[in-house]
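[1] Generate a structure from the sequence data that follows.
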Amino acid sequence: MIGPRLEWHLPAPLLDPPAFAGFGRPISTLLGRRGFRDDAQLAAFLNAGSEAMHDTSLMADADIALARLERALDHGERIAIWGDYDADGMTAVVVWSIALRVLGAEAIRHVPSRLAEGYGLSRGGLGRLAAAGVTLVVTCDCGIVNVAEIAHARALGLDVIVTDHHLPAEKLPRAVAVVDPHRPDCAYPDPDLTGAGLAYKLASALLQRRGSAATDLAAVAAIGTIADLAPMTGESRAIVRLGLAELATTRRAGLRALLARACESPEQVTARDLAFNVAPRINAAGRIAEAELAITLLLEEDAAAAERLADQLEEVHRQRRELTTASVAEARDMVVGLEGAGPMALFGEAWLPGIVGLIAGRLADALERPVAVAAPVGDELRGSVRGPVDFHAAAALEACAPLLTKRGGHAAAGGFSVARDRWPAFAAAFQALPRPFPPSSAEVAPAGRITVDLVLPAAHLGWELADQVQRLAPFGPGHVEPILAVTGLRVGDARRVGSDGRHLSLRMLRGAETFDAIGFGTPDDRPLPEEGSLLDVVGTLERDTFQGQPRLRLRIVDYAAGALSPLAERRRAARAPALQPVPMAAPAGATTP
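    Below is the predicted model of the structure:
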């Protein structure tokens, strides 16, 4: 019989969960565990929109920044928007570009080449902007650590407004305004905005000051917010909800062309679509091509031009996937036999700097430990850090700052540059960092653990439960998609699928009814369940569209035979009366697999 591959961390029973209107006992139990107390509090969270936004004036230097922008608009100054080459930075540039166009200003856009300039402000780039007649530079998703570069900008006669969400260094740059909710002296109620979220807040406030408005700002900002793994709480959640509504009805040709290629149902875009299909395409431009390709597409209003740009981006995305697959396979070979839970650092001579973040992310997920990955760029190495939630990437790089020429980031991700000859010292210092980091009383998440949100008899599976789960979306850090442990299903059929057989396809039976189930990336040595066997599964309940018809599907993370399942002991202890199956009444036009 098959045992579990992971440790199932089961929730403690909640004997008297609060009741929530429109939700059955299972989801009410989940909401109670997540700290919701009553309908009013839940409604404010689920329906977060413009009313959830805080006054931008509460943010340090925000009013100073807006006043300087108004002065530039009034006097016809040339404004430049300096961004970053990831999806968050690129979408922040687009947000500012749209807003300033509405206000009659065509901003110069500058996103540095990942290879030629690297992350953040550069003296060369600032010099070119000054020579072009620019007098005001607004940074997006960068600038907070560019103290020397902003001093150089002042010497060139450039005013700089920093808008960033990364951790500041000990010394703030001497800019006209430094808008970063992580400033020590900033008391803004929600510090978890991304670069695109911050751009949305400031650009919206500027438009409001000028008595104007712009479409698609939230639509674009939602992409960057999801891409940069913002918590799906507070203002970030509100931006994503507003953005998803705008994306469903957008008339902007570039957005429509991108969604048509990235989403199965472009008129019903989900946060999952943005995370796994839209953001990777935008990121691909900054990783192996030029960020301007994606920015131009997002701004494009001509349908024919948008189609051409979207096709170009699709090809870049295809190339990026191939490069990533090969590099991740090489990195996996390098770590075979390197056991442990502490940080690790890897360098690949043939890797591209544009994909080191992807390599680090894949390894961090697979090994459940912090990973720094670097690639050569001329005489230096450029790298990225990813890790579990107990490891703050930016703080880790700050701890290694004396060994680095550049560093930056936030809790979930960081980037750095290091001289080639200092790589061994950096690798040793990084690998010596403890977990958790910074050191605290927080528990280190053990490798191989999956946290279960709800334990359910198969009787509860159905469209009603799926609809209630969907009402809790969008999901993300701080509000994750519910992980279910489902008991009482029998295997109808099990087989490996995919071109390389890496995925597991199951047909699960509940009485005479069937469910499709899929386990992506199931290890090759994982046994296939036998037909007719009782199986407990852990995963998520999804509703999607297959061949034009809505369907339910279980996305499996782990499974175990009923007798060896971690749920077996709970079943024996509970001895609860069996529940009657809930009929799977599907919505109109839907099919039950």
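[2] Pull up the per-residue confidence for the closest residue to residue 45 other than its chain neighbours.
    Excluding its sequence neighbours, the residue lying closest to residue 45 (Cβ to Cβ, 6 or more residues apart in numbering) is residue 36, at 7.1 Å. To be clear about C-beta, it is placed using only N, CA and C from the backbone, and glycine gets the same treatment. Per-residue confidence at residue 36 stands at 96 (pLDDT).
[3] Residue 539 belongs to a helix?
    No - for residue 539, which was evaluated using DSSP: H, G, I helix; E, B strand; the rest coil, the result is strand, with no helix membership.
[4] Please give me every residue in contact with it.
    By Cβ atoms under 8 Å, 6 or more residues apart in numbering, residue 539 lies in contact with 483, 484, 486, 517, 519, 554, 555, 556, 557, 558.
[5] if you look at the residues you listed, which of them are in strands?
    484, 486, 517, 519, 554, 555, 556, 557, 558 (DSSP state E).
[6] roughly how far apart are the residue nearest to residue 45 and residue 28?
    9 Å (Cβ to Cβ, to the nearest Å).
[7] Have a look at this protein and report its longest helix.
    In the chain, taking DSSP state H as the definition, the longest helix is helix 303-334.
[8] Determine the set of other helices and strands touching that one.
    Using 3 or more Cβ pairs under 8 Å, 6 or more residues apart in numbering; DSSP states H and E as the contact criterion, the secondary-structure elements in contact with helix 303-334 are helix 253-262, helix 279-288, helix 291-299, helix 356-367.
[9] can you tell which of these is closest to residue 193?
    Evaluated over the helices and strands packed on helix 303-334, closeness to residue 193 peaks at helix 279-288, with 16.8 Å, by Cβ to Cβ.
[10] before we move on, back to that, taking helix 291-299 as reference, get the angle to the longest helix of the chain.
    Helix 303-334 and helix 291-299 meet at an angle of 130 degrees, taking axes from the mean of the first three to the mean of the last three Cα atoms, to 10 degrees as the criterion.
[11] For helix 303-334, list every residue counted as buried.
    Residues of helix 303-334 classed as buried under the neighbour-count rule (16 or more other Cβ atoms under 10 Å) are 306-307, 309-310, 312-314, 316-317, 320, 323-324, 327-328, 331.
[12] closest to residue 289 among these?
    For the buried residues of helix 303-334, the nearest to residue 289 is residue 316 (4.7 Å; Cβ to Cβ).
[13] Let me see the confidence value for that closest one.
    At residue 316 the predicted local confidence, pLDDT, stands at 97.
[14] Tell me the spacing between residue 365 and residue 433.
    Using Cβ to Cβ, we find residue 365 at a distance of 19 Å from residue 433.
[15] That should have said residue 34, apologies.
    Counting by Cβ to Cβ, the gap between residue 34 and residue 433 amounts to 31 Å.
[16] Comparing the two, which shows the higher neighbour count?
    Neighbour totals were compared for residue 34 and residue 433, and residue 433 leads with 20 against 15 (other Cβ atoms under 10 Å).
[17] give me phi/psi at that one?
    Torsion angles at residue 433 (phi, psi; degrees, to the nearest 10) stand at phi -70, psi 140.
[18] Contact partners for it?
    When the contact criterion is Cβ under 8 Å, 6+ apart, the partners of residue 433 are 342, 343, 370, 396, 399, 400.
[19] The first one - that's part of a strand, no?
    No - assigned with three-state DSSP, residue 342 falls outside any strand and is coil.
[20] mind listing the helices for the stretch 1-150 of the chain?
    Under the criterion DSSP state H, counting those that start in this stretch, the stretch 1-150 of the chain contains helices at 25-33, 39-46, 62-74, 87-102, 123-131, 147-155.
[21] thinking again about what came up before, out of the helices and strands packed on helix 303-334, flag the one nearest residue 138.
    Between the helices and strands packed on helix 303-334, helix 291-299 lies closest to residue 138; by Cβ to Cβ that is 14.7 Å.
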